[in-house]
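Trainee: Prediction below, plus the sequence it came from.
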Amino acid sequence: MSAADRLSAAREALAAAEAAASASGLRPQAGRADGAPGAGGAARGSGGGDGEPDPHSIARKIVLRQLAMGPRTRRQLEDKLRDRGTDPQVAARVLDRMAEVGLVDDEAYVEMYVRSKQETKGLASSALRHELRTKGVADDVIDAALEEIDPEREKEQARELVARRIRTMRGLDREVQNRRLAGFLARKGYGSGVAYQVIREALDGLPEHGRD
């Protein structure tokens, strides 16, 4: 199953879970004093009625709201729960359960993220790796996804970026064009070797640089 299919299935599961909770009138209510779920506690939001909110129910609600806005990595969800004062053990149990049902899936997230950023921003492997690390994705998960990127396709992607960018630089000195294009590709994560080759090809192809 592709990343998009896995995430779509997870979103459907999320919608079904929310609908079931709404139909049952479940809300974060009074919970057990120790915050531990009883039998079936992972699916219920109330406990012993002592006036204390159930931390698991609250944590689930926070996570579901985050996922309703869009895919998140486990680290992003952990950070959100920590910011909301969730006990680390409660957060771990809730996220483990979310992972079991496919709502939290870093591999699917990375697969989709890489494809999206390549298509919309033309990011190269280096930039993708940096962005994914800032989202808390493990290096081995990042490595597995980036290994699927074809270097030749990435080079062609750089050519397409330069072809679009160079249209805004017509009439400038070649050295200025070269410097600006190199900086542009560097920000997209392309190495100097690829950048030098595609920029030289693009500039050599301009009529303004073909005249003596």
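Mentor: Noted; the coordinates are in hand. Numbers count the residues shown, from 1 in each chain.

Trainee: Walk me through the domains of this structure.
Mentor: 1-16+46-149, 151-209 (automatic domain parsing).

Trainee: Now do the contacts for the closest residue to Arg180 other than its chain neighbours.
Mentor: Computed as Cβ to Cβ, 6 or more residues apart in numbering, the closest residue to Arg180 that is not its neighbour in sequence is Met169, at 6.4 Å. For the C-beta atoms, the positions are set from N, CA and C on the backbone; glycine is no exception. Residues in contact with Met169 (Cβ atoms under 8 Å, 6 or more residues apart in numbering) are 176-177, 180-181.

Trainee: one step back: tell me which of the domains of the chain is the most buried.
Mentor: The highest mean neighbour count among those, using mean count of other Cβ atoms under 10 Å, belongs to domain 1-16+46-149: a mean of 17.

Trainee: how about low-confidence regions in the chain?
Mentor: For the chain, the stretches with pLDDT under 70 are 1-52, 210-212.

Trainee: any chance you could map the strands in it?
Mentor: Along the chain, counting by DSSP state E, strands occupy 30-31, 52-53.

Trainee: who's in contact with the nearest residue to Phe184 once chain neighbours are set aside?
Mentor: Spatial nearest neighbour of Phe184, excluding adjacent residues (Cβ to Cβ, 6+ apart): Arg165 at 5.7 Å. The neighbours of Arg165, taking Cβ under 8 Å, 6+ apart as the test, are 180-181, 184.

Trainee: One more: Ser116?
Mentor: Contacts of Ser116 by Cβ under 8 Å, 6+ apart: none found.

Trainee: Report the separation between it and Ala158.
Mentor: Computed with Cβ to Cβ, to the nearest Å, the distance linking Ser116 and Ala158 is 18 Å.

Trainee: and what of Glu131?
Mentor: For Glu131, the distance to Ala158 - Cβ to Cβ - is 18 Å.

Trainee: go on, Asp150?
Mentor: Asp150 is 13 Å from Ala158, by Cβ to Cβ.

Trainee: Equivalent analysis for Arg82, please.
Mentor: 39 Å.

Trainee: Ok, Leu103 next?
Mentor: 36 Å.

Trainee: next one: Gln118
Mentor: Separation of Gln118 from Ala158 (Cβ to Cβ): 11 Å.

Trainee: And for Gln197?
Mentor: Taken as Cβ to Cβ, the span from Gln197 to Ala158 is 9 Å.

Trainee: And the contacts of Arg165, which is closest to Gln76?
Mentor: Phe184 (28.7 Å; Cβ to Cβ).

Trainee: hang on, isn't the closest one packed against Leu161?
Mentor: Yes - look at Phe184 against Leu161 with Cβ atoms under 8 Å: they come within range, at 7.3 Å.

Trainee: in this protein, which spans are helices?
Mentor: Secondary structure of the chain by DSSP state H: the helices cover 3-23, 55-69, 74-83, 88-100, 106-121, 125-134, 139-146, 151-165, 174-187, 192-204.

Trainee: got the angle between the fifth one and helix 151-165?
Mentor: Pointing back at helix 106-121 there. Between helix 106-121 and helix 151-165, the angle comes out at 40 degrees (axes from the mean of the first three to the mean of the last three Cα atoms, to 10 degrees).

Trainee: Perfect, I'm done here.
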